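Asker: Build me a model:
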Amino acid sequence: MRVVFMGTPDFAAASLQKLIDENYDVAGVFTQPDKPKGRGMEMSFSPVKELALRHGLPVYQPEKMRDGTALQIVKDLNPDILVVVAYGRILPDDILAVPKFGAINVHGSLLPKYRGAAPIQWAVLNGDRTTGVTTMYLAHDMDAGDVIYTEETEIGEFETAGELFDRLMVMGADLLDKTLRDIEAGTAPHTPQDHSRATYVKMLDKSICPIDWNKSPREIVKHIYGLQPWPVATMELEGKSFRVFGAAYTDVKTKKAPGSVVRADDCLVIACADGQCIAITELQAPGKKRMQAADFLRGHKIAVS
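Answerer: Residues are numbered from 1 along each chain as shown. Purely as a prediction, here's the structure:
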């Protein structure tokens, strides 16, 4: 099967690697234009571009998808199917119509739940017990095409969004391989989504980093682990903003207001909703390295509220 692949980040690179490993005929690779990165603002390649170049695959980085340039490239490559994984661009209908098998997508949620950006992070942030990956046919509306296959997995109670991302990345690549084989064999299903059950999520930004101590311990735990590796949860401690990387449940009860420091000896216990408390186990002071809370408290005296 002749494939044109479209993707940009690590999540997409895993699927491209699977196509390479399974000897699919990858006719070309589309990825986002190079962007400046780091202090020196040097132009950097996306993970997908780096992988494609290592394997000698043609790389295309059109600035626009609707001016006819991308359409002509796809027509010239003459693929049987388009595989789109976290490309970061909406494809116009005329491009979707070129391949005989259409275009398919690997998405990091169990559609129709969590259409849009950052579905993996929001599954953790919202405290979901399970999530998964979906392969689907691309349609005009975002993430609204017919489902081909899904695969579900449990979310660990203290699993970070980054750790879940890595697991779903591999699951998605494997499910893509199964999907392509069944499409070629003519056995792949078309299951319309129940659009009335669709939910949408937005990109993360630093505005959601501060911990809301009026929430329950589990909501706070999920906030901390859902914002890793980026943008990372934060808390105010003695007038400074600390990054928070770890937390644990505790049986400590208090009458203090949410956000109050209840203990600061061998652990850092903070009051939250309904008289409950949560233990902060790992944090990072401004300009300092990331530390276990116990180690930090040995060298820093924090006043109990």
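Asker: Please tell me how far residue 61 sits from residue 8.
Answerer: Residue 61 sits 10 Å away from residue 8 when distances are taken as C-beta to C-beta, to the nearest Å. Placement of C-beta: from N, CA and C, glycine included.
Asker: Residues that sit against both of those two, list them.
Answerer: 31-32 (C-beta atoms under 8 Å, 6 or more residues apart in numbering).
Asker: if you count what's nearby, which of those two comes out ahead?
Answerer: residue 8 (21 against 15; other C-beta atoms under 10 Å).
Asker: Quick check: the gap between the more buried one and residue 89.
Answerer: Taking C-beta to C-beta as the measure, residue 8 falls 9 Å from residue 89.
Asker: Likewise for residue 81?
Answerer: 18 Å.
Asker: So for those two, which sits in the more crowded spot?
Answerer: Neighbour count, other C-beta under 10 Å: between residue 81 and residue 89, residue 81 has more, with 21 against 17.
Asker: Let's verify the nearest residue to that one once chain neighbours are set aside: helix, strand, or coil?
Answerer: With C-beta to C-beta, 6 or more residues apart in numbering as the criterion, residue 81 has its nearest non-adjacent residue at 4.1 Å, and that residue is residue 101. Here residue 101 is recorded as coil under DSSP: H, G, I helix; E, B strand; the rest coil.
Asker: Burial check on residue 101, number of neighbours?
Answerer: The tally of other residues near residue 101 (other C-beta under 10 Å) stands at 17.
Asker: Hmm, residue 182 and it touching each other?
Answerer: No: the criterion here is C-beta atoms under 8 Å, and residue 101 misses it with residue 182 at 11.0 Å.
Asker: related to what we said a few turns ago, where do the contact lists of residue 8 and residue 89 overlap?
Answerer: residue 32.
Asker: list the contacts for residue 161?
Answerer: Contact analysis of residue 161 by C-beta under 8 Å, 6+ apart lists 120-121, 124-125, 225-229.
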